[in-house]
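In: Next come a sequence and a model predicted from it.
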Amino acid sequence: MTVRVGLTGGIASGKSTVSSILAELGAVVIDADLIAREVVARGTPGLAALVEEFGTGLLTADGDLDRPAMGALVFSDDDARRRLEAIIHPLVHRRSAELEADADPGALVVHDIPLLAEVGRAGTFDAVVVVDAPAELQVSRMVEHRGWSREEAESRIAAQASREDRLAIATHVVVNTGSLDDLRQQVEDVHADLLARA
Ligand SMILES: CC(C)(COP(=O)(O)OP(=O)(O)OC[C@H]1O[C@@H](n2cnc3c(N)ncnc32)[C@H](O)[C@@H]1O)[C@@H](O)C(=O)NCCC(=O)NCCS
Ligand SMILES: Nc1ncnc2c1ncn2[C@@H]1O[C@H](COP(=O)(O)OP(=O)(O)OP(=O)(O)O)[C@@H](O)[C@H]1O
């Protein structure tokens, strides 16, 4: 039987690192951030819908979505963020379901969904893994690895569920405050537990 797992965590908590370890261990990973990019690639109906909603000012000279400009808009304007989400989330949901339908029966399917706590879909999964890190560590990782300002980092955290709300939906918690080796060990333990549910 397929075990369906939701994986979530705040921005820069370490979700992608955890999902790549799970993929190495044999899980099928369906990455909502990646799909959210694909559904608004140049020439897609998703990008056409964004242009209709926000105008051509949010396109680059090449006709792609100008992601930094869109980020600057939606992480300082809740209404704009909701309008963006209303367009992108249904497209991501549909594509994720298609990818899941292609997975081998019996696979451990991990849906990496940054906004799982926010969208209220935790109950649709057999297990929910939350990658936990304190806000200060999230900010320092964003500043260090992405070159964002502290303000940009904090505006993204402010647009997300609180650490407590996220922990409330967890069946498994991975605490990412130590080394990468420590993270790997925790993920291996969680993986073994999830497999035991298959
Ligand atoms: C605003 C956009 C264009 C900015 O693009 P950018 O390349 O800078 O960021 P990227 O897509 O890589 O997202 C990085 C992280 O930002 C956070 N984030 C993204 N969208 C949101 C949102 N709507 N609310 C809160 N946090 C968000 C997540 O932690 C995500 O992992 C982009 O994030 C977007 O299209 N967001 C809306 C779609 C969405 O909700 N995606 C989240 C998962 S489906
Ligand atoms: N335990 C750790 N020790 C050191 N660096 C780490 C650790 N965990 C993650 N990182 C680094 O922190 C950054 C953020 O991690 P990662 O990309 O996995 O987070 P994320 O939650 O997927 O981010 P996003 O929300 O943007 O998708 C990466 O550069 C990653 O290599």
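Out: Noted; the coordinates are in hand. Ligands and ions are numbered 1, 2, ... in the order given.
In: Helix, strand or coil: sort out residue 5 for me.
Out: Using DSSP: H, G, I helix; E, B strand; the rest coil, the structure places residue 5 in strand.
In: Wait, it touches residue 126, no?
Out: Yes: applying C-beta atoms under 8 Å, one finds residue 5 in contact with residue 126, separated by 6.5 Å. The C-beta positions use only the backbone N, C-alpha and C, and glycine is treated the same way.
In: In three-state terms, label the spatially most central residue of the chain for me.
Out: The centre of the chain sits closest to residue 114, judged by C-alpha atoms, centre = their mean, with a distance of 2.7 Å. Assigned with three-state DSSP, residue 114 falls in the coil class.
In: Neighbour count: residue 5 and residue 126, which is higher?
Out: Comparing residue 5 with residue 126 by other C-beta atoms under 10 Å, the one with more neighbours is residue 5, at 24 against 16.
In: Let me know the pLDDT of the more buried one.
Out: With respect to pLDDT, residue 5 scores 98.
In: which residues touch it?
Out: The contact partners of residue 5, by C-beta atoms under 8 Å, 6 or more residues apart in numbering, come to 27, 108-111, 125-129, 194.
In: Please list the residues of this structure that sit near ligand 2.
Out: Residues of the chain lying near ligand 2 by C-beta under 6 Å from any ligand atom: 9, 11-17, 33, 114, 141, 145, 176, 179-180, 183.
In: Pop the domain breakdown of this structure in here.
Out: With automatic domain parsing as the criterion, the domains of the chain are listed as 1-27+107-198, 34-105.
In: Distance across the first one, terminal residue to terminal residue?
Out: Translated: domain 1-27+107-198. End-to-end distance for domain 1-27+107-198: 6 Å, by C-alpha to C-alpha, to the nearest Å.
In: Can that domain be said to contact ligand 1?
Out: Yes: using C-beta under 6 Å from any ligand atom, domain 1-27+107-198 reaches ligand 1 at 11, 114-115, 156, 159-160.
In: Also the last one?
Out: Yes: judged by C-beta under 6 Å from any ligand atom, domain 34-105 comes into contact with ligand 1 at 36, 67, 70-71, 74, 81, 84-85, 88, 92.
In: Tell me where the protein has strands.
Out: 3-9, 28-31, 108-112, 127-132, 172-175 (DSSP state E).
In: From the chain's centroid, how far away is stretch 180-188?
Out: 20 Å (C-alpha atoms, centre = their mean, to the nearest Å).
In: same question for it, mean pLDDT?
Out: On average, stretch 180-188 scores 98.
In: Would you mind pulling the contact partners of that stretch?
Out: Taking C-beta under 8 Å, 6+ apart as the rule, stretch 180-188 contacts 14, 17-18, 21-22, 25, 174-176.
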